[in-house]
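Chemist: this one's structure only:
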């Protein structure tokens, strides 16, 4: 490569026609005297040869040409030239936008003769800017709409929760003792008892009366159906492999028995046996309906928090008035726990908060409570029971490391793979863990992303650890079926005073 | 012998639990459930079914190829549409989807799609697969809708 710089002579003889910017000279009435290849390409003119073209013919609005000339003359009187004037031109059917830089040419007597200048095609830039503006406006509109819809949905969920609570009361006496979803052993015991009871009632009903009376009371198909149901009720665990589907199936069986009992022609079978059949079926249907209401109520709690949190996330930028202030860590944890009390009670997950030191942080309360709430919500949602008697629990532990307070949420349940942690997939907006949707857990994939964003905006962060509790190799299909011990830690810098004291 | 049927659906245990109940309580079917693509494939390799109903938005399970397809779609069930990919693999033996050979002996008339998607949104896929049994999940479906879908597939009748 030659290291000699180009000479001034080369500049003086440079062919401006090769410049990668449009260069032109026109007469006062707009007739091109000369223009380079860039302009010729822009206006779809022959690249070589003389020109008999007027710039006026390219103005999308001819009146703009007059205004542009007046503007140029005015600027010339002030000793200035036109800079970055945007012209809207039309080439065939195509709209183009150019940025024009031009200077008036005067003759020796000071009369205007024409214009010399440069043009840059900014059509695509302008188009991008226009699209960006439209998109920004659309996002604003959507954010408003989403916020409003989520608010309306939250209200609907509150209504559903109240209705389900009333439904549960109507279905009393409640054999589960509370409005929490019962533990599986408790449910199984109650279903066993009532399924057996109904099977016995059906058997007694089938045996009541002689063949003639029985055939007059119900069709042959219905008697056959009752026999099938006895078998299903007596062996429902073997017949219904999926544990979660046992209660709704038994409820469905009970409903069908009630329908059959209504079809019994009167006067052929003892009333007591019909009443016994109906009462046993009502009892099983009532219990399964109650369980159904409690399960749905639990899902409503889960979704209610998720929607609230999503709404807060979507509208976070709008709340510019919220300022940071000093809060004790205990207060912030208590606020998050309070928000999740309904959900934890409904899911029968205890929250164990351990020894929170009396330190303060300087934070935006709403944001931090939401971030802590998101982590607690996940910990509850993904908990499994540790043994058959006690309900599951989530531990919240705190510790001071360096000048930061670490708030750790630990649960025992659905795992997160190392791959998802190492590649930070769990922090991607909308990402839901490979195992997070197992067992019908609802969610949006925003909680961890939001918590980390909030922590980072306060000078902290969120870290995730998840370890299997059994020595099963990762390629084994059972690997993810085992419980994992998952710790999610949010840390924040301590308030200045507490940092100084350390 | 009862017809053996399979529902490939990840929400069957919770949100859609009441749709599965009538299939069991009818006592008419040998009813099986798979909640992700890997579990479904494992079941299809060892068992033959008279009717299979597939959801469109399925999680991948533990198989690395299905997982990769899922992750390539942003780990999003809506974008990944693994149910459709599973059907293409089963019917068209599309090795671009999965390098393994699919289990043999599948035809479109054994299969139905039960999903939240609008029919119009996936009609091209259904046509390409030759599947005619389709039902959209909406509120207000009859309790026995799943039985109706299985019956439609088994009896080769239109929905």
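Modeler: Great, that's in hand. Note that this is a predicted model, so its numbers are computed, not measured.
Chemist: would you say residue A:411 is within a strand?
Modeler: Yes. Residue state for residue A:411 (DSSP: H, G, I helix; E, B strand; the rest coil) corresponds to a strand.
Chemist: buried residues in stretch A:65-72, which are they?
Modeler: In terms of neighbour count (16 or more other C-beta atoms under 10 Å in any protein chain shown), stretch A:65-72 has its buried residues at A:65, A:68-69, A:72. Where C-beta positions appear, they are placed from N, C-alpha and C, glycine not excepted.
Chemist: got it, and stretch A:37-48?
Modeler: Neighbour counts over stretch A:37-48 (16+ other C-beta under 10 Å) mark A:37-40, A:42-43, A:45 as buried.
Chemist: what's the end-to-end length of it?
Modeler: 8 Å (C-alpha to C-alpha, to the nearest Å).
Chemist: what parts of chain A come near chain B?
Modeler: A:228-229, A:231-232, A:239-242, A:244-245, A:248-253, A:256, A:292, A:295, A:299, A:425, A:428, A:430-432, A:434, A:437-440, A:477, A:479-480 (C-beta under 8 Å from any C-beta of the partner chain).
Chemist: which among the residues you listed end up buried?
Modeler: Using 16+ other C-beta under 10 Å as the burial test, the residues of chain A next to chain B include A:228-229, A:232, A:239-240, A:242, A:244-245, A:248-253, A:256, A:292, A:295, A:299, A:425, A:431-432, A:434, A:437-440, A:479-480 as buried.
Chemist: in helices only, show me the residues you listed.
Modeler: When DSSP state H is applied, these are split such that A:228-229, A:232, A:239, A:248-253, A:256, A:292, A:295, A:299 fall in helices.
Chemist: quick revisit: for the buried residues of stretch A:65-72, give me TSV that also has secondary structure, pLDDT and distance to residue A:493.
Modeler: As requested, these are arranged in TSV below (DSSP: H, G, I helix; E, B strand; the rest coil; pLDDT from 0 to 100; distance: C-beta to C-beta, whole Å):
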residue	secondary structure	pLDDT	distance to residue A:493
A:65	helix	85	62
A:68	helix	85	58
A:69	helix	85	62
A:72	helix	85	58
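Chemist: count of neighbours near the closest residue to residue A:176 other than its chain neighbours?
Modeler: The shortest distance from residue A:176 to any non-neighbouring residue, by C-beta to C-beta, 6 or more residues apart in numbering or on different chains, is to residue A:182 (4.1 Å). By other C-beta atoms under 10 Å in any protein chain shown, the residues close to residue A:182 number 21.
Chemist: quick one, phi psi at the residue nearest to the spatial centre of chain B?
Modeler: Compute the mean C-alpha point of chain B, and by C-alpha atoms, centre = their mean the closest residue is residue B:54, 1.2 Å away. Summarising the backbone geometry of residue B:54 under the convention degrees, to the nearest 10, its torsions are phi -120, psi 140.
Chemist: now it: how far from residue A:409?
Modeler: If you measure residue B:54 against residue A:409 using C-beta to C-beta, to the nearest Å, the figure is 37 Å.
Chemist: is it true that residue A:395 lies in a strand?
Modeler: Yes. Following the definition three-state DSSP, residue A:395 is counted among the residues of a strand.
Chemist: and it, what are its bridge partners?
Modeler: On the basis of DSSP bridges, residue A:395 takes part in beta bridges with residue A:352, residue A:410.
Chemist: now swap in the one 10 residues further on and tell me
Modeler: Listed by DSSP bridges, the beta-bridge partners for residue A:405 are residue A:400, residue A:492.
Chemist: state the distance from it to chain B.
Modeler: Residue A:405 is 32 Å from chain B, where distance means C-beta to the nearest C-beta, to the nearest Å.
Chemist: need the ones in helices among the buried ones among the residues of chain A next to chain B in CSV with pLDDT, can you?
Modeler: What follows is these, written out as CSV (pLDDT from 0 to 100):
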residue, pLDDT
A:228, 93
A:229, 95
A:232, 94
A:239, 90
A:248, 96
A:249, 96
A:250, 97
A:251, 97
A:252, 95
A:253, 96
A:256, 95
A:292, 95
A:295, 92
A:299, 90
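Chemist: closest to residue A:135 out of these?
Modeler: When those are ranked by distance to residue A:135 (C-beta to C-beta), residue A:299 comes first, at 35.0 Å.
Chemist: now name the helix or strand holding residue 149.
Modeler: Assuming you mean chain A. With elements taken from DSSP states H and E, the one containing residue A:149 is helix A:123-170.
Chemist: actually chain B
Modeler: Using DSSP H and E, residue B:149 sits in helix B:145-155.
Chemist: Three-state assignment for residue 5, please.
Modeler: Assuming you mean chain A. At residue A:5, secondary structure determined by three-state DSSP is coil.
Chemist: that's the wrong chain, I wanted chain B
Modeler: Taking three-state DSSP as the rule, one finds residue B:5 in the strand state.
Chemist: for it, what are its contacts?
Modeler: Shown in contact with residue B:5 (C-beta atoms under 8 Å, 6 or more residues apart in numbering or on different chains): B:23, B:29-32, B:49-53, B:150, B:154.
Chemist: which of the buried residues of stretch A:65-72 sits closest to chain B?
Modeler: Minimum separation from chain B among the buried residues of stretch A:65-72 (C-beta to the nearest C-beta) is found for residue A:68, which lies at 49.1 Å.
Chemist: in contact with the closest one, which residues are there?
Modeler: Counted by C-beta under 8 Å, 6+ apart, residue A:68 has contacts A:82, A:85, A:87, A:100.
Chemist: and the second one, how far from chain B?
Modeler: So that's residue A:85. Relative to chain B, residue A:85 is positioned 45 Å away (C-beta to the nearest C-beta).
Chemist: that residue is in contact with residue A:71, isn't it?
Modeler: Yes. Counting by C-beta atoms under 8 Å, residue A:85 touches residue A:71, with 7.0 Å between them.
Chemist: so where is the chain shaky, pLDDT-wise?
Modeler: All of this is about chain A. Segments of chain A classed as low confidence (criterion: pLDDT under 70) are A:1-2, A:318-322, A:386-389, A:434-443, A:477.
Chemist: please go with chain B instead
Modeler: In the predicted model of chain B, residues B:158-159 satisfy pLDDT under 70.
Chemist: which single residue in it comes nearest to chain A?
Modeler: residue B:14 (2.6 Å).
Chemist: that residue should be in a helix, yeah?
Modeler: No. The assignment for residue B:14 (three-state DSSP) gives coil, which keeps it out of a helix.
Chemist: what number of residues lie near residue A:113?
Modeler: Residue A:113: 15 surrounding residues under other C-beta under 10 Å.
Chemist: ramachandran coordinates for it?
Modeler: According to degrees, to the nearest 10, residue A:113 has phi -120, psi -30.
Chemist: where along chain A do the strands fall?
Modeler: A:22-27, A:32-35, A:82-91, A:94-106, A:112-121, A:325-328, A:349-353, A:360-363, A:392-401, A:404-413, A:461-468, A:484-493 (DSSP state E).
Chemist: turn the ones you listed into CSV, including distance to residue A:383.
Modeler: Output for the strands of chain A, formatted as CSV (distance: least, C-beta to C-beta, whole Å):
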stretch, distance to residue A:383
strand A:22-27, 68
strand A:32-35, 74
strand A:82-91, 61
strand A:94-106, 59
strand A:112-121, 61
strand A:325-328, 27
strand A:349-353, 5
strand A:360-363, 27
strand A:392-401, 4
strand A:404-413, 4
strand A:461-468, 13
strand A:484-493, 9
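Chemist: nearest to residue A:128, of the ones you listed?
Modeler: Minimum separation from residue A:128 across the strands of chain A (C-beta to C-beta) falls at strand A:94-106, 11.5 Å.
Chemist: partners of that closest one, with directions?
Modeler: For strand A:94-106, the paired strands and their directions (DSSP bridges) read strand A:82-91 (antiparallel), strand A:112-121 (antiparallel).
Chemist: if you compare those, which one is most tucked away?
Modeler: When you average the neighbours per residue for each of the strands paired with strand A:94-106 (mean count of other C-beta atoms under 10 Å in any protein chain shown), strand A:112-121 leads with a mean of 19.
Chemist: off-centre distance for that one?
Modeler: Computed by C-alpha atoms, centre = their mean, to the nearest Å, the separation of strand A:112-121 from the middle of its chain amounts to 53 Å.
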